[in-house]
Every structure is written in structure tokens, then in C-alpha cells.
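K.L.:
predicted model and sequence below, questions to follow.
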Amino acid sequence: MRRRRLLLAVAGAGTAGFVALQGCGSNAPKPPPPPPSPSSTAQAPNPLDNNGTAGNLLAVKIDNVGRNIQQIQQGLGQADIVYWIQVEGGLSRFLAVYDANHLPDKIGPVRSARQTDIPLLQQYGRLDFAYSGAISGLLPQLNQADVQNVTPFDDPGAFSNHATDPTFIDPHQILAKYPSVPARSPGFTFGAAPSGGTALTDMTWHLPAASIGVHFNGRSYDVSVDGHSAWSGTATVVVQHVSIVPGQFTDFNAGHPDNEVFTQSTGSGTAEVLRDGRTWSTHWSRPDAAAGTTFTLPDGSTMPFATGPVLVVMVP
């Protein structure tokens, strides 16, 4: 953890004279109060997962198609927040969000951005967004979005393997090179588990051509993708029920037209929140794309998350 060092320069002769004056009588001026110690000016807690302190932000789009790709994925277990999102053909991708104080050495394989990513990331402010490319029609929207685009076209040296698939990034290099904002809350609240809830140790969710599952191991959640173990250590799992509608663009890369679907992350709907081996039914709300998403219990109180990484499963 980075700490600020406060340096106080005092002239030796002046200090000696001041101490002597203090000893001469009660009319001598009082010394100024000592400056605050570094520990009294602690950084704000990390609003993404309440773990440690806040650092600047980086989002990365990560490939998730096929067992070969899933075996070489890196960095998902160290993300503060991971979104599981549907893409064309009923497949899935990950959008992972990191703060600078919780970075792995490598993240990837990095894949292309989608229309869904832009409003989803808007709630974080101007973060760095690393992706491998995008369909041509989406590029103007990405250029106008409130993100720092980091792509092989802008900076090929930031991507491994000559920026050809599969390609990875060093997040330390990205955050050192590009401007970003300190982490801010996407609407999450952290605290002790509320009363109630229903015991739930294992659960799997499905998209047309993909699945993701979790298992509570007594401390946190182990995550599996398409039936294969992926990573461990997730503290809270959010199942956010959303509308997935036809997107503005069609992808022809597979040799046939596939609509790039759009996941609506604004509005409101139902959600389940899993933590500590139990699940609670909640209501999610995000009326403004620039604001975070709130999760409330049936009595109107806020649903607190457990401290640690968050997985957001976005399904119909």
C-alpha cells in the first residue's frame, strides 16, 4: 500500500532558540500543533469490493469461448468486479474491473468491446478500457464514450503476442501510461449479512450457448465456466436479471451473420444476491447510466455485500 511521506524541514539553530525561549517564562508563544501523522490521513476504502484502499481503475474485456481459451485465462481471480455478459451466438464474455491496488501480473486473453460495455462502464467515470478491437460501427461510440480506449491500434506495444489472438496485457504498464480515475462506487454497499436468506451452496446459470456456476466452499465461492473450474475467492455473487435485446450491429466473423446483442444495465428489475452460503431476493435499480446500481431487500433496506471480489451474472 502506498503511503504519503510527510517531510518536515526545520532549521537546527531556529529550533534550539525556540526551545530556549520556551524555558524562559510563561509569556513565550506556544509551539504549533504537530502535523498529522501519515496514519491519520488514510486513503479511502476500496469502493469496488471493500478490500484495502482505492486505486485508479482499469476495465478489460476477456475472452471466454472454448475450453482452450478458458485454460489460459489470467487475472479473473484478482479482479475486484467481474461481469458475465452474453454476446453474439448466445456465447459469453467477461468484463473485469480492477483498481490499481489489486492488480495481477497479466490479464487476458483480451478480446473485443461490445455495445453493452459502454453504458455498463459509464458508472465508473473515465477509467482505462483495454480491448482488442470492435466492430467498425461501434468505433465512433467508443471514441465518444467516457473511457480511455487502450487497444492494439492505439498502442500495439501494450499487448503481447504482437497483439494477435490470444493477446494479454500487463495492467501495471497500462495504468502507469494512461490517465484514469480513482475507484468510485458502482452502487455497492458492504456490511454484515442481513437476517433471513435461504441456504444455497451450489447454483448454475445458463445463456443459450454458455453457463456459469458457483460453489460455496465455506469461506467464498468457487466459480466454474461451462462446467470447468475457473477461479476461487469470490465473496459476493449478484444475479442481475436484465433485458437482452438485439444490438445495433451484426458480426460476420463466424462466416454467418450474428447479431451483437445488447444487455440493458439501466432501469430496474429483480436480482438474487449470494453471500456466506445463502441467497437473498432483491430489487436492482439504476435509472441513470452515470449512477451506480443499488440493490434493496423487500423491506426497502440496502442489501449489504460481503467484503471481497464481486461476480455479477447478467441473465434474463
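P.N.:
Received, thanks. Nothing here was measured: the structure is a model prediction, and the numbers come from that model.
K.L.:
contacting residues around the closest residue to Q122 other than its chain neighbours?
P.N.:
Nearest non-adjacent residue to Q122, counting by C-beta to C-beta, 6 or more residues apart in numbering: A289, 4.6 Å away. Every residue, glycine included, has its C-beta placed from N, CA and C. By C-beta atoms under 8 Å, 6 or more residues apart in numbering, the contact list for A289 reads P119, Q122, Q123, S265, T266.
K.L.:
for A289, give its distance to G197.
P.N.:
Distance, A289 to G197, by C-beta to C-beta, to the nearest Å: 30 Å.
K.L.:
G77 is in contact with S229, isn't it?
P.N.:
No: the pair G77 / S229 is not scored as a contact, 11.1 Å apart, by C-beta atoms under 8 Å.
K.L.:
which of those two has more neighbours?
P.N.:
G77 (16 against 12; other C-beta atoms under 10 Å).
K.L.:
tell me if I am right that the more buried one is in a helix.
P.N.:
Yes: assessed with DSSP: H, G, I helix; E, B strand; the rest coil, G77 lies in a helix.
K.L.:
once you drop chain neighbours, what's closest to it?
P.N.:
Spatially, and ignoring its direct neighbours in sequence, G77 is nearest to W231 (3.6 Å; C-beta to C-beta, 6+ apart).
K.L.:
format the contacts of A289 as JSON lines; extra columns: distance to N64, secondary structure and pLDDT.
P.N.:
Below are these laid out as JSON lines (distance: C-beta to C-beta, whole Å; DSSP: H, G, I helix; E, B strand; the rest coil; pLDDT from 0 to 100):
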{"residue": "P119", "distance to N64": "21", "secondary structure": "helix", "pLDDT": "97"}
{"residue": "Q122", "distance to N64": "23", "secondary structure": "helix", "pLDDT": "97"}
{"residue": "Q123", "distance to N64": "22", "secondary structure": "coil", "pLDDT": "96"}
{"residue": "S265", "distance to N64": "18", "secondary structure": "coil", "pLDDT": "98"}
{"residue": "T266", "distance to N64": "24", "secondary structure": "coil", "pLDDT": "98"}
